[in-house]
Structure formats: structure tokens, C-alpha cells
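> Compute the structure for the input listed below.
(2 chains)
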Amino acid sequence: ETGVTQSPTHLIKTRGQQVTLRCSSQSGHNTVSWYQQALGQGPQFIFQYYREEENGRGNFPPRFSGLQFPNYSSELNVNALELDDSALYLCASSYLQGSHTEAFFGQGTRLTVV
Amino acid sequence: KQEVTQIPAALSVPEGENLVLNCSFTDSAIYNLQWFRQDPGKGLTSLLLIQSSQREQTSGRLNASLDKSSGRSTLYIAASQPGDSATYLCASRIDGGTSYGKLTFGQGTILTVHP
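Numbering: from 1, shown residues only, chains lettered A, B, ... in the order given. Reported below is the predicted structural model:
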């Protein structure tokens, strides 16, 4: 049990719609990261939030956006959904402290775009 | 740009065998390297974290090593069991830059341990 929870666990959306995924970080952690994992691939870094500010972004378009709240919960928003956005979306929680930083992942949200 | 490669892509072994999973990375300026386990359709479970200053970490039947100079890490699983069947992923955390804390993952090794 990692203490990181994501909701919902599964979601089906239509192309062009918007979606919001949620993550509740482990207590005491100040950083949350989001990853996209396509079938059969390793997770790809979307972005990271540290103390409510985005401090790193992967190769994803601006229609992928996020928020981190004072209680260290987080949202991932995706606008104008495309079929290729179908994937497992993973949230990771950590406390940044150099080489001791360890990431703990939630169970993921499976998004299907039809 | 950090690239992480895992070999083999898939591995099938009989129960009881000792096995080694390999992970290589192109940029040796890493903070740490983390090994994960992923069951089908599930999230990632952290197995071992090796800091950049360490050479190895052990947890139960698992042992992970790190050689920064050669850009390699290995995960050793002793006396494999059917319950070890899963996908194993390695990920490096880069040292600084605008994406501090970002994990770069390999594509994983799918392990099947048959009775």
C-alpha cells in the first residue's frame, strides 16, 4: 500500500471531450508527477508539480495541464481528447531530497478514448 | 537526453531458478535508479532504490546493483516463484535540470515463472 490513490480507476470518453483525473498524494510528500503509459510501453513523464508549481514537463502538448493543491492532491486535465490519449495514467508522489528521493505510484486510471 | 533500455524484453523460467534482469542508461549523471514491479493493468510497486553513491541494495530475494560508470543496473531474483510473474521496470532519476525529479523508464521485462 503506497498511500497514493487515484480516481477514477477506469474512464471512457469520446474524442474531443475533456477529462480530469485525480490523485491524492502520500502524507508528507511535496511533489507529484504524472506519467502516461501506453500498452506495452514504459511510462512517459508528462509533468511534475512541486509546492503547487509546475517545475518540469515532458514532451506533451499544452492540452495536457495540471494543478496541485495545498493539501498536495493533484489533477491532470486533458482537453480535446484524441484516440492516442488512450492509456494508463499514473500519478507518483515523492518528497524531493536528492538521491534519497523515492517515487510511490498510485494504481492508475485507465482512460479509453473512443 | 536520458535513454533507458531493458534486456531481455521477456523471460520465461521454471520455478526455483535464479535470474538476472538488465537495465542500461545513456547518461550517468543520475541521482538514483529505482526498480519497480507492475502487475497487468495495475500501478507500479517500488522494489528497490539505489542512490547514485551506492553499488547495490537488497530486499529479501531481490538484489539490485548499480554501475554508474558503465551505465548499467541489474536486478537479481533468487529462487524465483510463480508469484514473481510480472513486468519489471527500471527508471533513472536525472541529476538536476528543468525536470528535476523526472523518472525515465525502460520498456520493461515481462517475467513469467512457471511451476
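
> quick one, strands of chain B?
In chain B, the segments counted as strands under DSSP state E are B:4-7, B:10-14, B:19-25, B:30-38, B:44-51, B:56-59, B:62-67, B:72-77, B:86-94, B:103-105, B:109-114.

> Specify the beta-bridge partners of residue 104.
Here I'm looking at chain A. residue A:93 (DSSP bridges).

> actually chain B
In this entry, residue B:104 is beta-bridged to residue B:92, by DSSP bridges.

> do residue A:11 as well
Going by DSSP bridges, residue A:11 forms beta bridges with residue A:111.

> For residue A:113, see how far away it is.
9 Å (C-beta to C-beta, to the nearest Å). Every residue, glycine included, has its C-beta placed from N, CA and C.

> what about the two, which has more around it?
Neighbour totals were compared for residue A:11 and residue A:113, and residue A:113 leads with 19 against 15 (other C-beta atoms under 10 Å in any protein chain shown).

> wait, the more buried one sits on residue A:87?
No. Checked against C-beta atoms under 8 Å, the pair residue A:113 and residue A:87 is beyond contact range at 9.1 Å.

> What parts of chain B come near chain A?
With C-beta under 8 Å from any C-beta of the partner chain as the criterion, chain B comes near chain A at residues B:4, B:31-32, B:34, B:36, B:41-46, B:49, B:51-53, B:89, B:91, B:93, B:98-108.

> Can you flag the buried ones in the residues you listed?
By the neighbour-count criterion of 16 or more other C-beta atoms under 10 Å in any protein chain shown, the residues of chain B next to chain A include these buried positions: B:4, B:31-32, B:34, B:36, B:43-46, B:49, B:51-52, B:89, B:91, B:93, B:99-108.
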